[in-house]
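Visitor: Attaching a predicted model along with its sequence, questions to come.
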Amino acid sequence: MLARLVLLLALLLATPLRAQTLTAVLEAEIVTLDPHFSPAYITRTFGYMVFDTLFAMDREGQVRPQMVERWTTSEDGLTWRFTLRDGLAWHDGTPVTAADCVASLRRWGTRSALGGRLMAATASLDAVDAKTFTLVLKAPYGLVLDTLGTTSSPSPFMMPERLARTPGTERITEIVGSGPFVYSRAEHRTGDRMLLRKNAAYRPRPEPGSGLAGGKVVKIEALDLRVVPDGATATAAMQSGEIDYIQYAPFDLLSVLERDRRVRLVNFTGLDQFTGHYRLNAASGPFADAEIRRVLLQLVDQGEVMAGFGLSDRYARTCLAFFICGSPYENEAGTALLRSPSIDAAREALKKTRYAGEPVVVLVANDLEAAKVSSEILADRMRRAGFTVDVQVMDWASVLARRTRREGWSVFGVHALGVDLQSPLTNSVIGFNCTEALTGGFHCERPLVPLFDAFAAAPTLAERQRIAAQIQEIVYDRAMSVPWGQFAQPAAHRAQLRNLIPSAIPLFWSVEK
């Protein structure tokens with residue numbers, strides 16, 4: 001009898017704790033905790049929970065102040081003065097200072113293409129006092145706030161100066177942020193789970209939350225992140241009540257989850273959608289010839305690829321805009337060949353090139369559904385159009401390793417989030433054009449180089465939109481990439497959750513159980 005009473009008491013005491021802990025399964029295990037070190041999406045997700053940014057993007061795509069209270073700009077646009085808001089503190093209890101932010105920006109600039117551009121345009125970046133720092137530019141730069149508030153990965157997260165002094169080529173050894181959740185190494189079991197606790201000392205901004213901006217009011221006590229690699233297993237656990245949230249609901253289970261009253265699906269639009277494209281190797285093999293690459297522009301049928309996933313119009317759409325549909329830089333420049341996909345037309349176009357039957361090596365990742373389906377469909381259409389196709393199946397890690405070589409591959413399907421692809425300066429397909437970096441295509445189109453610089457310096461959105469259209473014209477003329485569709489992979493959660501922010505980057509401040 002006594003034992004039963006003890007057990008009942010333990011359960012009663014544990015119930016409030018369980019009720020205030022949200023259990024989630026994200027896209028992958030969080031392996032890299034240094035938010036500057038890796039561009040991996042899962043590291044960025046961790047960053048937004050544990051760290052904070054000077055500025056942030058709201059639900060409408062507008063950049064708003066976050067750690068910054070106010071800022072001023074000189075008449076010539078060269079001197080920017082930023083003042084931090086009151087009450088900012090690191091998780092170790094020390095106050096956030098301007099020197100911390102200066103060191104963080106400098107370190108981030110060595111890891112981010114966008115941050116590197118800002119640092120290259122900077123004459124000086126210095127702390128004035130504990131709460132104020134100045135950024136002095138060499139010449140007017142139209143993307144200062146857009147850069148400081150970018151969601152492009154790696155994002156500009158702030159960290160204590162003592163950690164930010166770690167070279168960007170080395171990982172920080174201590175995880176101390178100032179964000180709404182606190183990380184503890186003692187509550188992290190690699191391969192199993194990570195527990196992030198509410199930061200009781202965090203002071204949210206006073207305005208309502210919107211996307212990544214505004215007041216981050218945490219209403220749960222802890223976030224329990226479980227490692228469950230299999231989507232079907234995670235889905236079953238959610239349906240049974242063991243899991244509260246899954247970042248990516250499996251495509252083949254969407255219709256089942258739509259009928260389950262215990263579950264809600266979160267669809268995404270615009271910048272929160274993925275854009276798929278075919279990465280082409282311009283360094284060797286048949287696709288070193290731009291005329292042969294261009295055949296794919298009229299071969300790829302986006303509707304067929306989307307149907308291959310079994311996605312309805314609710315979750316997918318065709319999109320010819322290189323900088324994605326629904327973004328400020330959506331345009332139709334250079335899309336003529338993309339508008340009427342036809343195997344017959346592609347076959348005739350191929351006959352007019354110098355293609356002589358050389359093997360086209362298509363890499364198929366068997367452990368990543370979107371990459372697998374899109375690559376298989378392309379291989380089939382290429383065969384029917386007259387290409388000699390060599391399909392090589394491997395896991396995604398092997399695809400990434402293979403693409404760093406200039407030989408041994410021709411094309412593979414991949415997808416990325418619209419928040420990263422919407423800008424010429426953050427788009428991973430062209431972001432390393434004419435550099436020695438591993439581009440996954442080794443493209444060097446010299447006419448793009450001055451356009452990137454002009455885009456960064458442009459003072460108005462209208463001017464940047466004009467330049468983006470010029471860039472897209474070149475991208476399609478040279479067939480640097482071929483889009484295969486725009487789609488959402490919905491998140492799924494238990495119906496009891498309320499106020500979950502609809503974002504492709506999982507955000508857990510405001511959600512209630």
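Guide: Looks like it arrived, so ask away.

Visitor: I figured P35 hits S155, correct?
Guide: Yes - with contacts counted by CB atoms under 8 Å, P35 reaches S155, the gap being 7.0 Å. C-beta: built from backbone N, CA, C; applies to glycine.

Visitor: Neighbours of the residue nearest to L271 when sequence neighbours are not counted, how many?
Guide: Leaving aside its sequence neighbours, L271 sits nearest to G418 (CB to CB, 6 or more residues apart in numbering; 4.1 Å). When neighbours are counted by other CB atoms under 10 Å, G418 registers 24.

Visitor: I'd say G418 and H277 touch.
Guide: No - at 12.0 Å, G418 does not count as touching H277 under the criterion of CB under 8 Å.

Visitor: Validate this expectation: L254 resides in a helix.
Guide: Yes - assessed by DSSP: H, G, I helix; E, B strand; the rest coil, L254 belongs to a helix.

Visitor: what sits against it?
Guide: Applying CB atoms under 8 Å, 6 or more residues apart in numbering to L254 gives the contacts 265, 310-311, 315, 490.

Visitor: quick check: domain ranges of the chain?
Guide: The chain breaks down into these structural domains: 18-267+490-513, 271-487 (assignment by automatic domain parsing).

Visitor: Now mean pLDDT too, for those domains, in JSON lines please.
Guide: Shown next, in JSON lines, are these (pLDDT from 0 to 100):
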{"stretch": "domain 18-267+490-513", "mean pLDDT": "95"}
{"stretch": "domain 271-487", "mean pLDDT": "92"}
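
Visitor: just the helices in the stretch 351-500 of the chain please.
Guide: 369-385, 396-402, 418-421, 448-457, 461-477 (DSSP state H, counting those that start in this stretch).

Visitor: picking up where we left off before, neighbour count for P35 and S155, which is higher?
Guide: More crowded of P35 and S155, by other CB under 10 Å: P35, with 29 against 25.

Visitor: hmm, back to that, mind putting the contacts of L254 in TSV, distance to L254, secondary structure and neighbour count included?
Guide: Below are the contacts of L254 laid out as TSV (distance: CB to CB, whole Å; DSSP: H, G, I helix; E, B strand; the rest coil; neighbours: other CB atoms under 10 Å):
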residue	distance to L254	secondary structure	neighbour count
L265	7	strand	17
G310	8	coil	13
L311	8	coil	18
Y315	7	coil	21
P490	7	coil	21
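
Visitor: Which members of the residues you listed are the farthest-apart pair?
Guide: Spatially, the most separated pair among these is L265 and G310, at 14.6 Å (CB to CB).

Visitor: Could you pull up the residues touching the nearest residue to S342 once chain neighbours are set aside?
Guide: Excluding the flanking residues, the one nearest S342 by CB to CB, 6+ apart is Q298, at 6.2 Å. The neighbours of Q298, taking CB under 8 Å, 6+ apart as the test, are 337-338, 340-342, 345-346, 349.

Visitor: From the residues you listed, list the buried ones, please.
Guide: Buried by 16 or more other CB atoms under 10 Å: 337-338, 341, 346, 349, out of those.

Visitor: can you tell me which two in those residues are farthest apart?
Guide: Going by CB to CB, the pair spanning the buried ones among the contacts of Q298 furthest: L338 and A349, at 13.0 Å.
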